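S.K.: I would like the atomic coordinates for the input below:
(chains A and B)
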Protein chains: 2
Amino acid sequence: MAFRVGIDLGGTNIKAGIVNENHEILLEKSIPTLAHRPADEVIHDMAKLAEALIREAGVKQSQVLGAGIGSPGTIDAKRGVVVYSNNFGWENVPLGEKLSDALQLPVRVSNDANCAALGEVKAGAARKYANCVLITLGTGVGSGIVIDGHIFEGAHAGGAELGHTSLVADGEACTCGRRGCLEAYVSATALIRDTRRAAGADPDSLLWRFCGGDLDNVNGRTAFDAAAEGDSCAQAVVERYIRFLGEGIVNAVNLFRPDIVLLGGGVCKQGAVLTKPLNSYVRQYCFAGDKGFLPEIGIAELENTAGMIGAAALITDGTE
Amino acid sequence: MAFRVGIDLGGTNIKAGIVNENHEILLEKSIPTLAHRPADEVIHDMAKLAEALIREAGVKQSQVLGAGIGSPGTIDAKRGVVVYSNNFGWENVPLGEKLSDALQLPVRVSNDANCAALGEVKAGAARKYANCVLITLGTGVGSGIVIDGHIFEGAHAGGAELGHTSLVADGEACTCGRRGCLEAYVSATALIRDTRRAAGADPDSLLWRFCGGDLDNVNGRTAFDAAAEGDSCAQAVVERYIRFLGEGIVNAVNLFRPDIVLLGGGVCKQGAVLTKPLNSYVRQYCFAGDKGFLPEIGIAELENTAGMIGAAALITDGTE
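M.R.: This next block holds a predicted model:
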């Protein structure tokens, strides 16, 4: 048996799992990241965490093929370097090399959303497929692209960022400095902004009931909940949200033509409320229409373990 | 010595060249396509053309590794099938297999813009690089993406279509059935439309002089010519054109992070008038800004031979 360590480096916690050849997590552990420490301290803790996992799982060091890390930020996967992470204040941190030195194991690094996509392909909603685009709808919009079973990174660091392709000329400001990016329309943050705006413009909307009369209570579910009760103001917010998500998905399909497009992140809990209209949208608007290959639109399955499973799968045994 | 045949299947002409290991065309020939004939007749003529080339070039059949075809339309490159070509009225034509049977040689097929991009990487403006995005600005907008020296097709037929990613929600109608695609803003067709509109709204514009007082004479140069004379109306058309082109390029960079982005097609003859502002635009707006890898924006070099050279390079000798 061979094992890999999969590490999900988050802004709040470092989660690590020891993963077997069937992409099952045998044991997982988590520690606080304390992200604003120097990088070396964070990496030291990651190494200790991985060593503890290997020890407690009763796995011999010789059975561990290596460790993969899913990290936020702009990653140079070829060199294992975190080129830039705004959350961590990191620039050009050789994360792969440093952890490899500490563990005396091969280490590979990719972006966290890339790892989540690979995890879904290995053991989640895309396990029947080799080609998957994952779009995570959270505070921001992450994306992971898997082609022929491997993460597609683009040629240099900073590719595969579907969230930062623009949909709306001169549109909403995005965190990246541009205007009109997909992230500025379909992140949970954007949905909350649009829900608040709609409620602010319609004092009679049910949205007010669902936020207890206080727009500070609006969250990523508010518009969906009020829309389900038949509120036309909320329905307009939901329809617009799905429409922009559809545009982003059609753009992704016209470029990557995966077998499946998966939605992850908090908003994806809406399930078929999203996927039913999105499957229709894709059939209507993809290039070459029904003459081209049309992927299914689905919901990610693995939730919090996708990143660890995908990170572990960055380490290949040479036969894959 | 080994040779390949590179075939550029166009709506008007079929051009074919015999290409050596240095990506040089030794001999080329061209015949009319007569595109609305049955596919078998077109393929028969392609085979005769390739055979004549091989014969006239004095190359032994045993020295020819195969033939590559750059074809318009939606191509399934893995199977060598033209899934759909609107120009030709073709659906599911097994072009690769049929030409291979006729020539008794390996045949590979890709989209024409993909082949042009590969040609530029092998022997043109991207020859120093392995990673290139080519955007052709003609009647439509084609795109070819080369990663690690190979065409990136996406997982299934109908990928790598940058021209059909949307930039403007509810924007200009595109030939693909969507609204707001890059093609609907930066094709020569779109430029002509916008030049006519601008002239129509400004009877004092120099645009009228450059089209001889007749909007039917507007072409892809008219706005650039009048802008160079200082006409503010034309300058606004050019600035808007470059701005949308910049948005499309930034989207491509945020996904593919190539070494270089090349512009091809008729409009690219404007040279530095395009590339100078576009290089600035990319530096300002790409994800992670100057912390990420920033490609150069340049102009394609090979013009009419890029397709043949790239098509020939679809045939590899196993060492590449």
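S.K.: element containing the closest residue to residue A:118 other than its chain neighbours?
M.R.: By the measure of CB to CB, 6 or more residues apart in numbering or on different chains, the closest residue to residue A:118 outside its immediate chain neighbours is residue A:310, 3.5 Å from it. To be clear about C-beta, it is placed using only N, CA and C from the backbone, and glycine gets the same treatment. In the assignment (DSSP states H and E), residue A:310 maps to helix A:306-312.
S.K.: show residues contacting that helix.
M.R.: A:4-8, A:15-17, A:19, A:23, A:25, A:28, A:67-70, A:110, A:112, A:114-124, A:144, A:264, A:300, A:302 (CB atoms under 8 Å, 6 or more residues apart in numbering or on different chains).
S.K.: from what I see, residue A:26 and residue A:57 are in contact.
M.R.: Yes. In this structure residue A:26 lies within contact range of residue A:57 using CB atoms under 8 Å: 5.4 Å.
S.K.: who has more neighbours out of those two?
M.R.: Neighbours were counted for residue A:26 and for residue A:57 using other CB atoms under 10 Å in any protein chain shown; residue A:57 has more, 19 against 14.
S.K.: OK, contacts around the more buried one?
M.R.: Here residue A:57 is in contact with A:3, A:18, A:26, A:27 (CB under 8 Å, 6+ apart).
S.K.: tell me where chain A has strands.
M.R.: Per DSSP state E, chain A has strands spanning A:3-9, A:13-19, A:25-32, A:64-71, A:74-76, A:81-85, A:90-93, A:107-111, A:132-137, A:141-147, A:150-151, A:260-264, A:296-299. These are given in chain order.
S.K.: show the average pLDDT along the fourth one.
M.R.: Read that as strand A:64-71. Averaging pLDDT along strand A:64-71 gives 98.
S.K.: off-centre distance for that strand?
M.R.: Relative to its parent chain, strand A:64-71 has a centroid offset of 17 Å by CA atoms, centre = their mean, to the nearest Å.
S.K.: for that strand, packing partners?
M.R.: Packing partners of strand A:64-71 (3 or more CB pairs under 8 Å, 6 or more residues apart in numbering or on different chains; DSSP states H and E): strand A:3-9, helix A:39-56, helix A:95-103, strand A:107-111, helix A:112-123, helix A:306-312.
S.K.: can you do 10 Å?
M.R.: If you count contacts as 3 or more CB pairs under 10 Å, 6 or more residues apart in numbering or on different chains; DSSP states H and E, strand A:64-71 packs onto strand A:3-9, strand A:13-19, helix A:39-56, strand A:81-85, helix A:95-103, strand A:107-111, helix A:112-123, helix A:306-312.
S.K.: tell me the strands beside that strand, with direction?
M.R.: Strand pairing for strand A:64-71, using DSSP bridges, gives strand A:3-9 (parallel), strand A:107-111 (parallel).
S.K.: got it, and the fifth one?
M.R.: Neighbouring strands of strand A:74-76 in its sheet, by DSSP bridges, are strand A:81-85 (antiparallel).
S.K.: now the partner strand: average pLDDT?
M.R.: Here the average pLDDT along strand A:81-85 is 95.
S.K.: now stretch A:154-174
M.R.: 95.
S.K.: swap in stretch A:139-149?
M.R.: pLDDT averaged over stretch A:139-149 gives 96.
S.K.: sorry, back to before: what's the closest of the strands of chain A to residue A:38?
M.R.: Judged by CB to CB, the one of the strands of chain A that comes nearest to residue A:38 is strand A:90-93, at 9.6 Å.
S.K.: for that closest one, name the packing helices and strands.
M.R.: Strand A:90-93 is packed against helix A:39-56, strand A:74-76, strand A:81-85, with contacts defined by 3+ CB pairs under 10 Å, 6+ apart.
S.K.: who touches it?
M.R.: A:35, A:38-40, A:42-43, A:71-74, A:76, A:79-85, A:109, B:291 (CB atoms under 10 Å, 6 or more residues apart in numbering or on different chains).
S.K.: same question for stretch A:225-232.
M.R.: Here stretch A:225-232 has contacts from A:195, A:198-199, A:202, A:204-211, A:219, A:221, A:223, A:233-239, A:241, A:270, A:273, using CB under 10 Å, 6+ apart.
S.K.: Throw the strands paired with strand A:64-71 into TSV and include mean pLDDT and mean neighbour count, thanks.
M.R.: Listed next are the strands paired with strand A:64-71 as TSV, based on pLDDT from 0 to 100; neighbours: other CB atoms under 10 Å in any protein chain shown:
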stretch	mean pLDDT	mean neighbour count
strand A:3-9	98	28
strand A:107-111	98	26
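S.K.: just so I know, which of these lies nearest residue A:190?
M.R.: strand A:107-111 (20.6 Å).
S.K.: restrict that closest one to CA atoms and write it as CSV.
M.R.: Below are the C-alpha coordinates for strand A:107-111, written out as CSV (Å, rounded to 0.1, in the frame of the first residue of the first chain):
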residue,chain,number,x,y,z
VAL,A,107,6.0,17.8,-2.1
ARG,A,108,3.8,19.4,-4.8
VAL,A,109,1.7,22.6,-4.5
SER,A,110,-1.3,23.9,-6.4
ASN,A,111,-4.1,26.4,-5.9
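S.K.: break chain A into its domains for me.
M.R.: Chain A breaks down by automatic domain parsing into domains covering A:3-124+A:304-312, A:132-300.
S.K.: and the longest one, how far from the chain's centre?
M.R.: To tie it back to what came earlier, the one meant is domain A:132-300. Here domain A:132-300 shows a centroid-to-chain-centroid distance of 13 Å under the convention CA atoms, centre = their mean.
S.K.: how long is that domain end to end?
M.R.: Terminal residues of domain A:132-300 are spaced 11 Å apart (CA to CA, to the nearest Å).
S.K.: how much space between the residue lying farthest from the centre of chain A and chain B?
M.R.: Outermost residue of chain A with respect to the C-alpha centroid, by CA atoms, centre = their mean, is residue A:204; its distance is 36.0 Å. Going from residue A:204 to chain B by CB to the nearest CB, to the nearest Å gives 27 Å.
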